[in-house]
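Asker: Structure, please.
(chains A, B, C and D)
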Protein chains: 2
Amino acid sequence: MGGNQRPTIKTVAARAGVGRTTVSRVLNGSPLVSDEARAAVLAAIAELNYVPSSVARSLVTSRTDSIALVIPESESRLGSEPYFSAVIRGVSDGLAGTQIQLLLILVRDQRGLESLEEFLTARRVDGVLLVSVHRDDPLPGLLETLELPTVLAGRRSPEESLTHVHSDNVGGAAEAVRHLLGRGRKTIGTITGPLDMDVGNSRLSGWREALVDAGLAPDETLIATGDFTEEGGRLAMRALLERHPDLDGVFAASDVMAAGALAELRRHGRRVPDDVALVGFDDSIVARHTDPPLTSVRQPVEEIGRTITELLLQEIAQRGTARQRVMLPTSLIVRGSA
Amino acid sequence: MGGNQRPTIKTVAARAGVGRTTVSRVLNGSPLVSDEARAAVLAAIAELNYVPSSVARSLVTSRTDSIALVIPESESRLGSEPYFSAVIRGVSDGLAGTQIQLLLILVRDQRGLESLEEFLTARRVDGVLLVSVHRDDPLPGLLETLELPTVLAGRRSPEESLTHVHSDNVGGAAEAVRHLLGRGRKTIGTITGPLDMDVGNSRLSGWREALVDAGLAPDETLIATGDFTEEGGRLAMRALLERHPDLDGVFAASDVMAAGALAELRRHGRRVPDDVALVGFDDSIVARHTDPPLTSVRQPVEEIGRTITELLLQEIAQRGTARQRVMLPTSLIVRGSA
DNA sequence: AGGCCCTTTGGGATCGATCCCATTCTTAGT
DNA sequence: ACTAAGAATGGGATCGATCCCAAAGGGCCT
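Answerer: Numbers count the residues shown, from 1 in each chain, chains lettered A, B, ... in the order given. The predicted model follows:
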């Protein structure tokens, strides 16, 4: 049957002819063990194929050796998929070499949120990574009162009180708009993300900033609010065209919205980039395959994932570390659309 | 501050004026509790904001109330990203309503594999979901000998001994090829996935099957092996064009490879679909944005995720259930490329 | 030789739940 | 009225590790 109870630390101790404590010491790399004892223990471990019970260990140490990555389901669905895959890869990368496991928690609705709150209150993880937080997100506050180490990818607002990592959304957006200006565009609209998120606001700020720097007054009617979906991009583009038939440049705050905008532009017979130049954001897989391929602002998503993980591990290792903020640079990838 | 030790079952018992066992009974919904006792316990739980320690519970029940989703890192990187996002969503969906947590494990290299093996031997999860298994994957075998409940998305071969869920790759591919035949194409090549995977083989079989059914002998030189990457698709397409300048139809076993093929076709001045008609597989986000948009075989990825999860939960609930196999249907989404 | 310190060791208590079993209190049956 | 069966309850043991602390053994100094 292969049955045979899993060996415990006691079995190992008996086999090695030492006490449980000595085995535990070897397991945890304590220097207070003689070489012979250590050798005997290691041999016994190997022979018995012993693996310590992390559950029993957790009970006494009250560490779980796991962290949670919390992703709002709504966000994961809407086209921003590649973003999450990349973050996940980065996180997993940051965890490589540690013994720490990653729990993935997609929050889909109110019930999911409630059971997550219970989960966190039970301290079933040592720390939490939060992705794509909204301004009024209840989770960051809860985590602060629980005093559970937390790091955000992105931030609620520029005054974020939790440790966080974000890319230079303002700078990236500004660069995109400067690029459009550099191509001689005069009337540059923008399709924003949700404005209850810092990404949405920051990219909008970048658009404003670049225009102001160029001596132009940002016309508020050149702003159309989107929601990061393709359909949202389409609708926003339609609104912009209605308001400004003379539009010759658009900065969309995501590639997926840019793809929607592209379709709408085509429907209206505008050529891209000849009539209207278009820049997206994310440099996602869609950017390479649209027609024409999208010029887009790349953000180092995988690195964001890696960085939030490293910061979280730090914070777990030494509680009460001061809040840290990291901003990672973006870069403009020029393709056919602008 | 806010300190205050977390309350334990003992605290609750004292507060409710009952014994620990009674509290435990209430927690686990045992009928052997009087209504008054139950009410008192529930009140105490609410007042103390008590959440049971899952760690302590695990220690005695030897359940972890968590499952692992194992994804080979190599696969997650290569364009198949949307596939994994969708599987993850499906899994998370299948888990909703249970108290079971999802551990995500990306295996990137040999070291990762070793630490995964240790992790599994320690039985740190109640069951495992395996995605995109290769023919010689060591993991399924290990899981079988560990007698750890396991369900695969996809299969190693048509004789798969573990419970698994896969989409109708043969049928989907055959439908794609029939579609090409229906458009009057005579010389239809195929760009395959890796042939050490069942998906690769099955989609190739579908191509063969459709040709044979149409009374055509499948010409082996019409087969070019790819690896699911865009670059692989490009190279395979080049090889096919060299061998068969008269090629007028191509079935690619993934959209990403089809996108690569598309670029290569354009480079050779072939118009799609006029000169060469092209069908992809996956109906991923890229399919909608290529020029022309790709006709593609859709597989219900999210449902695959949901189904493997349900099967795994079943298997965990009642060990020793017989192996189950589920095949989900595909459907052809016709767009501009064929 | 005796005392002291340092290294190494292991048994007992502990973490916070569940499970086994003995005990008390009802209620019904003859 | 006495017993038997059943409902409800709670204390002790247990899961498998770590941590505290007492104690044994060895070397060196005076």
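
Asker: all contacts plus neighbour counts: C-alpha atoms, from now on.
Answerer: Noted.

Asker: The spatially closest residue to A:A217 that is not a sequence neighbour: which element?
Answerer: Closest residue to A:A217 apart from its sequence neighbours, by CA to CA, 6 or more residues apart in numbering or on different chains: A:L211 at 6.6 Å. Assigned by DSSP states H and E, A:L211 belongs to helix A:198-213.

Asker: what packs against that helix?
Answerer: helix A:169-182, strand A:188-192 (3 or more CA pairs under 8 Å, 6 or more residues apart in numbering or on different chains; DSSP states H and E).

Asker: Hey, what's the angle from it to strand A:188-192? Just curious.
Answerer: 170 degrees (axes from the mean of the first three to the mean of the last three CA atoms, to 10 degrees).

Asker: The residue of chain A found nearest chain B: what secondary structure?
Answerer: Using CA to the nearest CA, the closest approach of chain A to chain B is made by A:L103 at 4.4 Å. At A:L103 the chain is in strand, as set by DSSP: H, G, I helix; E, B strand; the rest coil.

Asker: That one against A:I71, yeah?
Answerer: No - using CA atoms under 8 Å, A:L103 is not in contact with A:I71; the gap is 10.8 Å.

Asker: and those two? which has more neighbours close in?
Answerer: A:L103 (24 against 19; other CA atoms under 10 Å in any protein chain shown).

Asker: so how far is B:V87 from that one?
Answerer: 15 Å (CA to CA, to the nearest Å).

Asker: Could you do A:I188 as well?
Answerer: 39 Å.

Asker: One more: A:G249?
Answerer: The separation that A:G249 has from B:V87, given CA to CA, amounts to 37 Å.

Asker: again, but for A:E114
Answerer: A:E114 is 24 Å from B:V87, by CA to CA.

Asker: the more surrounded of those two?
Answerer: B:V87 (25 against 12).

Asker: What helices and strands are in contact with the strand or helix carrying the more buried one?
Answerer: Taking DSSP H and E as the definition, B:V87 sits inside helix B:81-95. Counting contacts by 3+ CA pairs under 8 Å, 6+ apart, helix B:81-95 packs against helix A:81-95, strand A:101-107, helix B:301-317.

Asker: buried ones in that helix?
Answerer: For helix B:81-95, burial by neighbour count (16 or more other CA atoms under 10 Å in any protein chain shown) applies to B:81-95.

Asker: and stretch A:59-70 with chain B, contact?
Answerer: Yes - using CA under 8 Å from any CA of the partner chain, stretch A:59-70 reaches chain B at A:L59.

Asker: Could you check that stretch and say which residues are buried?
Answerer: In stretch A:59-70, counting by 16+ other CA under 10 Å, buried: A:59, A:63-70.

Asker: Likewise for stretch A:101-119?
Answerer: Quick answer for stretch A:101-119 (16+ other CA under 10 Å): A:101-108, A:112-113, A:115-119.

Asker: avg pLDDT for it?
Answerer: Average pLDDT, stretch A:101-119: 93.

Asker: Would you tell me whether it gets close to DNA strand C?
Answerer: No - residues of stretch A:101-119 are not located near DNA strand C by CA under 7 Å from any atom of the strand, the shortest gap being 12.6 Å.

Asker: before we move on, what about stretch A:55-73?
Answerer: Yes - contact of stretch A:55-73 with DNA strand C (CA under 7 Å from any atom of the strand) involves A:56, A:59-60.

Asker: Just put those residues in JSON lines and tack on distance to A:A317 and secondary structure.
Answerer: Putting the residues of stretch A:55-73 next to DNA strand C into JSON lines (distance: CA to CA, whole Å; DSSP: H, G, I helix; E, B strand; the rest coil) gives the following:
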{"residue": "A:A56", "distance to A:A317": "21", "secondary structure": "helix"}
{"residue": "A:L59", "distance to A:A317": "18", "secondary structure": "helix"}
{"residue": "A:V60", "distance to A:A317": "17", "secondary structure": "helix"}
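
Asker: Dump the residues you listed into TSV; add pLDDT and distance to B:L265 as well.
Answerer: TSV is the format used below for the residues of stretch A:55-73 next to DNA strand C (pLDDT from 0 to 100; distance: CA to CA, whole Å):
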residue	pLDDT	distance to B:L265
A:A56	97	60
A:L59	96	61
A:V60	96	63
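
Asker: Let's have those residues in JSON lines, adding distance to DNA strand D.
Answerer: Below are the residues of stretch A:55-73 next to DNA strand C laid out as JSON lines (distance: CA to the nearest atom of the strand, whole Å):
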{"residue": "A:A56", "distance to DNA strand D": "4"}
{"residue": "A:L59", "distance to DNA strand D": "5"}
{"residue": "A:V60", "distance to DNA strand D": "5"}
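
Asker: And those, which is closest to B:G233?
Answerer: A:A56 (50.0 Å; CA to CA).

Asker: got the contact list for the closest one?
Answerer: Counting by CA atoms under 8 Å, 6 or more residues apart in numbering or on different chains, A:A56 touches B:55-56, B:59.

Asker: where in chain A is pLDDT low?
Answerer: Along chain A, segments meeting pLDDT under 70 span A:1-4, A:75-81.

Asker: Mind splitting it into its structural domains?
Answerer: A:9-51, A:59-167+A:302-328, A:169-298 (automatic domain parsing).

Asker: quick one: the residue of the stretch 51-200 of chain A found nearest DNA strand D from A:A277, how far?
Answerer: For the stretch 51-200 of chain A, the residue closest to DNA strand D is A:P52, as judged by CA to the nearest atom of the strand, at 3.3 Å. Plainly put, A:P52 is 60 Å away from A:A277 if you go by CA to CA.

Asker: These two: which has the busier surroundings?
Answerer: A:A277 (26 against 18).

Asker: ok, what's across the strand from the more buried one?
Answerer: Beta-bridge pairing for A:A277 (DSSP bridges): A:G249.

Asker: show me the contacts for it.
Answerer: A:A277 neighbours (CA under 8 Å, 6+ apart): A:180, A:185, A:248-250, A:337-338.

Asker: and the two most separated of the residues you listed?
Answerer: Farthest apart among these - using CA to CA - are A:R185 and A:S337, which lie 12.9 Å from each other.

Asker: Neighbour count: those two, which is higher?
Answerer: Legend: neighbour count by other CA under 10 Å for A:R185 and A:S337, higher for A:S337 (22 against 19).

Asker: Quick check: the residue of the stretch 201-338 of chain A nearest DNA strand D.
Answerer: A:A317 (13.8 Å).

Asker: about what we covered before: which one of the domains of chain A is the most hemmed in?
Answerer: domain A:169-298 (a mean of 22; mean count of other CA atoms under 10 Å in any protein chain shown).

Asker: Ends of that domain, what's the gap?
Answerer: End to end - CA to CA - domain A:169-298 spans 10 Å.
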